[in-house]
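1. Below: sequence and its predicted model.
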Amino acid sequence: MQITVDGENVTLEPGGDGFELFPDKNIIAMFVNGEEVDLAYKFQENDQTSAITIDSDAGLRILRHSVAHIAAQAVQDLYEAKLGIGPPIEDGFYYDFMIDEPLTEQDLAKIQKRMKEIVKSSQRFTRRVVSEAEAREEMSAEPLKLELLDRRSESLDEGNVEVDAGELTIYDNIDRNGETKWKDLCRGPHVPNTRIADKGFALTRVSAAYWLGDQSRQSLQRVYGTAWPDAESLAEYKERLEEAARRDHRKLGQELDLFSFPSEIGSGLPVFHPKGGIIRQVMEDYSRKKHLEEGYEFVYTPHISKQNLFEISGHLQWYSEGMFPPMHIDSEYDQEGELKKQGQNYYLKPMNCPFHILIYKSRSRSYRELPLRMFEFGSVYRYEKSGVVHGLTRVRGMTQDDAHLFVTQEQLAEEIEKVLQFVLDLLRDYGLNDFYLELSSRDDGDKFVGDAKAWELATETLSKVASATGLELVADPGGAAFYGPKISVQAKDAIGRTWQMSTIQLDFNLPERFDLEYVGSDGEKHRPIVLHRALFGSIERFFGVLTEHYAGHFPPWLAPVQVACVPITENQHEYLLDFADTLKEQGIRVEVDLSDERMQKKIRNHTMSKIPFIVIAGDSDEAESAVSFRYRDGTQRNGIKLEQAVEEIMDAVASREQV
RNA sequence: GCCGGCAUGGCGCAACUGGUAGCGCAUCCGACUUGUAAUCGGAAGGUUAGGGGUUCAAGUCCCCUUGCCGGCUCCA
């Protein structure tokens, strides 16, 4: 029998399978004619195959999915639980269960212990093709699996071949004695044997999850886990989690005294302390400067508005759920309690656009004024549901670095290009360098405004401009809001996590609703196009992302305290105070530590508060008009002359570099 | 909004099955004056998120509210 292995012709005995062909233990499955299959697969004439190693992307998915099965077996060994689904996910897997009692952390430990036993018992994953009737029979005690079978037949009826139109398979877990210990309806493939999971897995958490992600369906218990080819990779993964935890902006915000969320104020409503305040101020000042240079004009608008504005804008129609409920004011009653004056509703604003648009509409506009760019640090309030607020990244009150650009059709492409370049430059100034773009286009449904033609044109324009940056462009079909397509900038942080930062959003809706126009060179009235864009997204969120990106080690230009001076003895107090004065005159944020702690303690304190420059001086330094630098990583440089020290600090701040 | 967990001085934590709150850091006072990540001694500080209940007795048990955490759903 002839088959092709990695493009090479190989001769195999009839009935030969993957175990024969790939004896290497690191190979856990294989591709056959493009499909992932078990090693137990018996080759057919002319099959094309290649190995799947355990550490490849496909291999890891298969491993994780297999460990999900082991978890499910363990759960069913220990509890009365019905099976949901158990797919691999990034870095791990989950399995959903219908179970009466919610699982706890203690349960997790028990389940993991049981999993270890299953792994050690060396069970084989064995594939078996079944008819639908057989599958229903064997899964008769598993209502959720039966529902999946129902759904499968429904979609087959509709000619939808997406969901496993192929044969149905059950995987049996068979132990050394040939006894079937467990089975699951599953497409596979799987690792050959539970032992392969050996030392590289761990359960990580439990939570609830809706069946099939549907809020109206029942809540299941979801067990999350992770799985890796070996113990080292698992340890590395755990270390990665710990690193992320160390960088958590909520923790750093507390430790570095940057911001807090007083419960007296309410959920999702942060206050910035002086140390966080100065960072914000520097960020905002820099942003203002850049916007001025880029031709933006600054506007200011209130935080609340009468209901009617949001009726015109459509927010109440489309997004009232995300808005704080209204406050009703100005009603007046006479002595009999009869309504004398109809009051009205005011809403906290969830977006700035209607306000900017009113500024546009305050007088007639000429094409000569376009593009008109209105910028504001606009405070908005959104009623985020109670379960979703999260540190600074998901809040109920925030400040957007928001701008609305009013442009003509002809100017659109160039303006988008400018904005995109502006965004990327600005993000780079903040130390983010690794980006990709996402283009969200129209949903196929009819939930959109404007005509399809205009959408198509605009999407094409966005796409062209995005491609021209040379950055990776990911399509997000159907991801657009109802009012227009958008480009979003995704940035990767220092430990490789991606964050959605800026968005550039076209709007076909508001110009219509507010009946915007400008007078063109032809003397006729035309409708401008509105571009929404926020570069940071929200200041709060960006602040959180930067904190995690830098792990609290803000570069000198952003650091709340840029220089801490530590005298070796009291004799240097004057000397360092003079030095600090010189820096202060240059606008440097500097402190001299005159406390009566020992200098080792002072160094420790300032290192822990992550101050970029610790400047130390003793007698010998003073004698030669010098100081010593100590950086956050513990490195030191001695004997730096005063003028040079000042210059270096100033340079580091001015260049916005990290030290 | 849903499921589960948590809530003790500024911060991090302790207090066995209910028996009238402890420790470290920080703070304040005093002593010490010291070349690169914690000097020593002393003092002050909480009625245990808020409210209600059970009990002779509640930080420990029950209920409600608020907030936080992990997910789900959502994120204009």
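-> Ah, there it is. Numbers count the residues shown, from 1 in each chain, chains lettered A, B, ... in the order given.

2. how close does A:I89 sit to A:T204?
-> The gap separating A:I89 from A:T204 is 11 Å, by Cβ to Cβ, to the nearest Å. (Glycine included, C-beta is placed from N, CA and C.)

3. If you could redo that for A:E232, that was the one I meant.
-> Note on A:E232: its distance to A:T204, by Cβ to Cβ, is 18 Å.

4. what's around the residue of the stretch 301-450 of chain A at minimum distance from RNA strand B, how many residues?
-> Nearest residue of the stretch 301-450 of chain A to RNA strand B: A:G387, at 2.1 Å (Cβ to the nearest atom of the strand). A:G387 has 6 neighbouring residues, counting by other Cβ atoms under 10 Å.

5. Would you mind giving me the confidence score for it?
-> We have a pLDDT of 89 for A:G387.

6. distance of it from A:Q215?
-> Distance of A:G387 to A:Q215, given as Cβ to Cβ: 12 Å.

7. So A:I89 and A:T204 - more neighbours on which side?
-> For A:I89 and A:T204, the more surrounded residue by other Cβ under 10 Å is A:T204, and the numbers stand at 18 against 14.

8. quick one: the more buried one and A:Y224 touch, right?
-> Yes. In this structure, A:T204 is within contact of A:Y224 by Cβ atoms under 8 Å, at 4.8 Å.

9. and for those two, which residues touch both?
-> A:G92 (Cβ atoms under 8 Å, 6 or more residues apart in numbering).

10. Now do the SS call for the residue of the stretch 1-150 of chain A found nearest RNA strand B.
-> Of all residues in the stretch 1-150 of chain A, A:P102 sits closest to RNA strand B, at 3.6 Å by Cβ to the nearest atom of the strand. Here A:P102 is recorded as coil under DSSP: H, G, I helix; E, B strand; the rest coil.

11. Who does the residue nearest to it when sequence neighbours are not counted form a beta bridge with?
-> Of all residues not flanking A:P102 in the chain, A:Q221 sits nearest, at 5.9 Å (Cβ to Cβ, 6 or more residues apart in numbering). For A:Q221, the beta-bridge assignment (DSSP bridges) gives partners A:F97, A:A208.

12. Closest to the centroid, which residue in chain A?
-> In chain A, the C-alpha closest to the average C-alpha coordinate belongs to A:W499, at a distance of 4.2 Å (Cα atoms, centre = their mean).

13. The helix or strand encompassing it vs RNA strand B: in contact?
-> Assigned by DSSP states H and E, A:W499 falls within strand A:498-507. Yes. Strand A:498-507 is in contact with RNA strand B by Cβ under 7 Å from any atom of the strand, via A:Q505.

14. Only alpha carbons, please: show that strand as CSV.
-> Taking C-alpha atoms only, strand A:498-507 is exported to CSV below (Å, rounded to 0.1, in the frame of the first residue of the first chain):
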residue,chain,number,x,y,z
THR,A,498,-3.5,42.2,23.3
TRP,A,499,-5.7,45.1,24.3
GLN,A,500,-8.2,46.9,22.1
MET,A,501,-7.1,50.5,22.2
SER,A,502,-8.2,53.0,19.7
THR,A,503,-11.2,52.9,17.4
ILE,A,504,-11.9,54.9,14.3
GLN,A,505,-15.5,54.6,13.6
LEU,A,506,-17.5,55.9,10.6
ASP,A,507,-21.0,57.1,11.3
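
15. Can you spell out which helices and strands pack onto that strand?
-> Helices and strands touching strand A:498-507, by 3 or more Cβ pairs under 8 Å, 6 or more residues apart in numbering; DSSP states H and E, are helix A:412-429, helix A:452-468, strand A:486-492, strand A:529-534, helix A:539-549.

16. rerun that using 10 Å as the cut-off
-> On a contact count with 3 or more Cβ pairs under 10 Å, 6 or more residues apart in numbering; DSSP states H and E, strand A:498-507 meets helix A:353-360, strand A:397-407, helix A:412-429, strand A:434-440, helix A:452-468, strand A:486-492, strand A:529-534, helix A:539-549.

17. Adjacent strands (with direction) for it?
-> strand A:486-492 (antiparallel), strand A:529-534 (antiparallel).

18. Can you lay out these as JSON lines showing distance to RNA strand B, mean pLDDT and mean neighbour count?
-> Below are these laid out as JSON lines (distance: least, Cβ to the nearest atom of the strand, whole Å; pLDDT from 0 to 100; neighbours: other Cβ atoms under 10 Å):
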{"stretch": "strand A:486-492", "distance to RNA strand B": "8", "mean pLDDT": "92", "mean neighbour count": "21"}
{"stretch": "strand A:529-534", "distance to RNA strand B": "8", "mean pLDDT": "93", "mean neighbour count": "23"}
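
19. a markdown table for those, including distance to A:F324?
-> Output for these, formatted as a markdown table (distance: least, Cβ to Cβ, whole Å):
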| stretch | distance to A:F324 |
| --- | --- |
| strand A:486-492 | 25 |
| strand A:529-534 | 20 |
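
20. between the ones you listed, which gets nearest to A:I329?
-> strand A:529-534 (29.4 Å; Cβ to Cβ).

21. just how off-centre is that closest one within its chain?
-> Between the centre of strand A:529-534 and the centre of its chain there are 22 Å (Cα atoms, centre = their mean, to the nearest Å).

22. what's the angle between it and strand A:397-407?
-> Counting by axes from the mean of the first three to the mean of the last three Cα atoms, to 10 degrees, strand A:529-534 lies at 150 degrees to strand A:397-407.

23. Over to stretch A:25-42 now: how far is its first residue from its last?
-> The first residue of stretch A:25-42 is 18 Å away from its last residue (Cα to Cα, to the nearest Å).

24. Tell me how far it lies from the chain's centre.
-> In terms of Cα atoms, centre = their mean, the gap separating the centre of stretch A:25-42 from the centre of its chain is 34 Å.

25. Same check on stretch A:217-231?
-> Stretch A:217-231 sits 20 Å away from the centroid of its parent chain (Cα atoms, centre = their mean).
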